[in-house]
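Student: model this:
(2 chains, ligands or ions: 2)
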Amino acid sequence: MTTKTWQKPLLAILLALAIVFPMVAANDYYIYVMSLAYIMAIAAVGLNLILGYTGQLNLAHAGFMAIGAYTVGILTVDYGVPYWAAFVLAGLLSAIIGFFAGLLSLRLKGHFFSIFTLCVGFMIYLIIEKWDGLTHGTVGIIDIPAPAGIGPIRFDNTWSQYYLVLFFLVLSLWLMSRIVHSLLGRAFVAIRNGEDLAETLGINLMRTKVLAFVLSTFYAGLAGALYAGFVRFIGPAMALESHTFDMIAFILVGGIGTLFGPLLGAILLTWLTQSLQFLQDYRMIVFGPLLILLVMYFPQGLIGYWRQRQVRRAAASEKDRRLQRSALSSRQEVQTNA
Amino acid sequence: MLEAHGLTKCFGGLTAVRDVTTSFEKNRINAIIGPNGAGKTTFFNLVSGYHKPTSGRIVFDGQDVTGLRPDQVAKLGVARTFQSTNLFDQATVLDNLIVGHRLRTTSTFWDVVFNTRRLREDEHRCRAKAEEVLDFVGLSSVAHHLAADISQEERKRVAFALALATDPKIVLLDEPAGGVNPEETLGLAELIRKMIRKGLTVCLIEHKMDMIMSLADKIVVLDHGEMIAEGTPAEIRSNQRVIEAYLGADYAAA
Ligand SMILES: Nc1ncnc2c1ncn2[C@@H]1O[C@H](COP(=O)(O)OP(=O)(O)O)[C@@H](O)[C@H]1O
Ligand SMILES: [Mg+2]
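Tutor: Ligands and ions are numbered 1, 2, ... in the order given. The predicted structure follows:
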């Protein structure tokens, strides 16, 4: 209960910090890196819905992000479609392909599902790499137009693009907050806890899991579409499973199955990677042990750990109050008896 | 209330339940007993739709429910608990229970996106139901505790509460008193009687004979998947086949 009262001010402060960030950042490069972290966070928030809340490890997530990015790349560069139309189509196409992929893959459970989606992701990668005529193959797509301006606002520099990405990040978190705090979100969590129990509570397993899958691929598609308009160059490698593993790392560090975990993880790990740039590939020597320590001592991630402490403290103080009350009433009883 | 007709379930070469025909009456406590591996849990899995029977029929409340999915059976009013209950340890006890009543609500994904009145009413009803069943099982005081922090016996009660939150007509309890001390077992037995007073029908699997004999109105005995006897506790206690297969001479004498 007490967590609720200061959650709103905390969120307002965080949002204010995000808004002033470009003004205090030392140079545009920092703004660029932060924008990328936000885009990856949007994708990770989507992955967290199917992985963290519903308990299904989908390893094709980067593939769906690539589908979104390529939809924008192909439509804007080769067919002259306006950016925002392509943006909407990117989300829809990812979700539609996600629907069919989900329908197929979610027949499998546990590890089998994960291995199947690993193959789905690799198929997406192969299709992008081999289908030269449509996707420009290994060369990738260059010169993707930046998001078109809306009214008087232009998105042609790093600053304005930062705010555009921030806007979509807030929107994504807001919608996700609605979903996971609703009865539907509780149904997702019930499936993660145990599919047998969820089913006996009247939850239609297949329908609910497919819905979570489609929503998560929709997020991936939109994140990919933003990425295409922001980085303006895309290649087949973005569909590789190693990018899914990056997102999984964001989720694990920040807090699996928590609303803000993926965002916190994306920001922390992006900046850690940046600051260890000088180590080149040896930075994995730092990363690996850090991740292991974190999973050992904070298996719920940073936010998960913090939230657990909040609930424990609230329960303890409630118990204290009850004990005090009963001590008081028993003392009164003694007095009246005497 | 609940009838099985020639119910059979084979797993490959093994027949876990063989040609069982029996019925459970409304508002009674029915018990299924038998040695380990007798097919008791499999019987529950068949009734709750988790396994499709190899042959035979299941009739619930006059309706043939053979072959329905578990979520469909649940909506008709069959609730169950499992031998071990998986709660979401990182959430509070109350939070664990709210989803239990969702099957009686109608809001969809679009209600979630637009935060409609229907959704808010549904969520309110689910929360109220969770509080009601938590009170019913006597656990209101741990409502805001993490599920990870409650005792084994409290977990059993939460599992009962979760089943009750679905507004069932019949509750199937799989070894509700497993891993619980004798005193707590008495408490759980009292809770089962309370469910009957509320108008529910109970069917339970249990190994604790004292509890069964004092609680059950009707007992069904399974052995190697076959029903070897059914009847009142007195009839079961004096049944020669049951004594040989399961109870042993000690218990029959008592
Ligand atoms: N899903 C399954 N697949 C294969 N065999 C099973 C399955 N479920 C149960 N069995 C077998 O069926 C028999 C009955 O098991 P069960 O119903 O769990 O017994 P009980 O609950 O009476 O101890 C056992 O031999 C068990 O190994
Ligand atoms: Mg069993």
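Student: Report the spatially nearest residue to residue A:272, omitting neighbours in sequence.
Tutor: Residue nearest to residue A:272 in three dimensions, not counting chain neighbours: residue A:287, with 7.6 Å by C-beta to C-beta, 6 or more residues apart in numbering or on different chains. C-betas here are computed from N, CA, C, even on glycine.
Student: which secondary structure element contains the one you found?
Tutor: helix A:284-297 (DSSP states H and E).
Student: Could you do residue B:9 as well?
Tutor: strand B:2-11.
Student: same check, this time on residue B:221
Tutor: strand B:218-223.
Student: can you tell me if that strand touches ligand 1.
Tutor: No. With C-beta under 6 Å from any ligand atom as the criterion, ligand 1 is not reached by strand B:218-223; the gap is at least 6.6 Å.
Student: OK, now which residue of the stretch 51-200 of chain B is nearest to chain A?
Tutor: residue B:103 (2.8 Å; C-beta to the nearest C-beta).
Student: Show me the helices in the stretch 201-338 of chain A, by range?
Tutor: For the stretch 201-338 of chain A, applying DSSP state H, counting those that start in this stretch gives helices covering A:205-231, A:241-254, A:261-275, A:284-297, A:301-337.
Student: Taking the stretch 101-250 of chain A, what residue is nearest to ligand 1?
Tutor: Nearest to ligand 1 in the stretch 101-250 of chain A, going by C-beta to the nearest ligand atom, is residue A:196, at a distance of 11.2 Å.
Student: and that residue, how far is that from residue B:208?
Tutor: 24 Å (C-beta to C-beta, to the nearest Å).
Student: could you dump the helix holding residue A:287 to PDB, C-alpha only?
Tutor: What follows is helix A:284-297 as a C-alpha-only set of coordinates in PDB (Å, rounded to 0.1, in the frame of the first residue of the first chain):
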ATOM      1  CA  MET A 284      32.700 -10.200 -21.900                       C
ATOM      2  CA  ILE A 285      35.200 -11.200 -19.200                       C
ATOM      3  CA  VAL A 286      33.700  -8.400 -17.100                       C
ATOM      4  CA  PHE A 287      30.100  -9.000 -18.300                       C
ATOM      5  CA  GLY A 288      29.900 -12.800 -17.800                       C
ATOM      6  CA  PRO A 289      30.900 -12.900 -14.100                       C
ATOM      7  CA  LEU A 290      28.700  -9.800 -13.300                       C
ATOM      8  CA  LEU A 291      25.700 -11.500 -14.800                       C
ATOM      9  CA  ILE A 292      26.400 -14.700 -13.000                       C
ATOM     10  CA  LEU A 293      26.700 -12.800  -9.600                       C
ATOM     11  CA  LEU A 294      23.500 -11.000 -10.300                       C
ATOM     12  CA  VAL A 295      21.500 -14.100 -11.200                       C
ATOM     13  CA  MET A 296      22.900 -15.800  -8.100                       C
ATOM     14  CA  TYR A 297      22.200 -13.100  -5.600                       C
END
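Student: That one: which residues count as buried?
Tutor: A:287, A:294 (16 or more other C-beta atoms under 10 Å in any protein chain shown).
Student: Could you check how far it is from the centre of its chain?
Tutor: Helix A:284-297 sits 21 Å away from the centroid of its parent chain (C-alpha atoms, centre = their mean, to the nearest Å).
Student: So what touches it?
Tutor: Where contact means C-beta atoms under 8 Å, 6 or more residues apart in numbering or on different chains, the residues beyond helix A:284-297 that reach it are A:249, A:252-253, A:272, A:276, A:279, A:301.
Student: how deep is residue B:100 tucked in, by neighbour count?
Tutor: By the measure other C-beta atoms under 10 Å in any protein chain shown, the count of residues near residue B:100 is 26.
Student: gap between it and ligand 1?
Tutor: Distance of residue B:100 to ligand 1, given as C-beta to the nearest ligand atom, to the nearest Å: 24 Å.
Student: Do I have it right that that residue meets residue B:162?
Tutor: Yes. Counting by C-beta atoms under 8 Å, residue B:100 touches residue B:162, with 4.9 Å between them.
Student: residue in chain A nearest to chain B?
Tutor: For chain A, C-beta to the nearest C-beta, closest residue to chain B: residue A:202, 2.8 Å.
Student: check contacts around that residue.
Tutor: Contact analysis of residue A:202 by C-beta under 8 Å, 6+ apart lists B:71, B:74-75, B:102-103, B:166.
Student: Of these, which belong to helices?
Tutor: Within those, residues falling in helices by DSSP state H are B:71, B:74-75.
Student: would you turn the residues you listed into JSON lines with distance to residue A:88, pLDDT and neighbour count?
Tutor: Formatted as JSON lines, the ones in helices among the contacts of residue A:202 follow (distance: C-beta to C-beta, whole Å; pLDDT from 0 to 100; neighbours: other C-beta atoms under 10 Å in any protein chain shown):
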{"residue": "B:71", "distance to residue A:88": "34", "pLDDT": "95", "neighbour count": "20"}
{"residue": "B:74", "distance to residue A:88": "38", "pLDDT": "96", "neighbour count": "23"}
{"residue": "B:75", "distance to residue A:88": "37", "pLDDT": "96", "neighbour count": "16"}
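Student: Report how many residues lie close to residue 137.
Tutor: You didn't pick a chain, so chain A it is. Neighbours of residue A:137 (other C-beta under 10 Å): 15.
Student: Not quite, go with chain B.
Tutor: Residues near residue B:137, counting by other C-beta under 10 Å, number 22.
Student: I figured it hits residue B:161, correct?
Tutor: Yes. Contact status for residue B:137 versus residue B:161: in contact at 4.6 Å, counting by C-beta under 8 Å.
Student: Name the spans of the chain whose pLDDT lies under the cut-off.
Tutor: Picking chain A for this. Within chain A, the segments meeting pLDDT under 70 span A:1-5, A:328, A:330-338.
Student: try again with chain B
Tutor: B:249-254.
Student: Just give me the longest helix of it.
Tutor: Assignment by DSSP H gives helix B:117-136 as the longest helix of chain B.
Student: Please compute how far the host helix or strand of residue A:38 lies from its chain's middle.
Tutor: Element membership for residue A:38 (DSSP H and E) is helix A:28-48. Here the centre of helix A:28-48 is set off from its chain's centre by 10 Å, with C-alpha atoms, centre = their mean.
Student: Ok, stretch A:121-140 next?
Tutor: In terms of C-alpha atoms, centre = their mean, the centre of stretch A:121-140 is set 25 Å apart from its chain centre.
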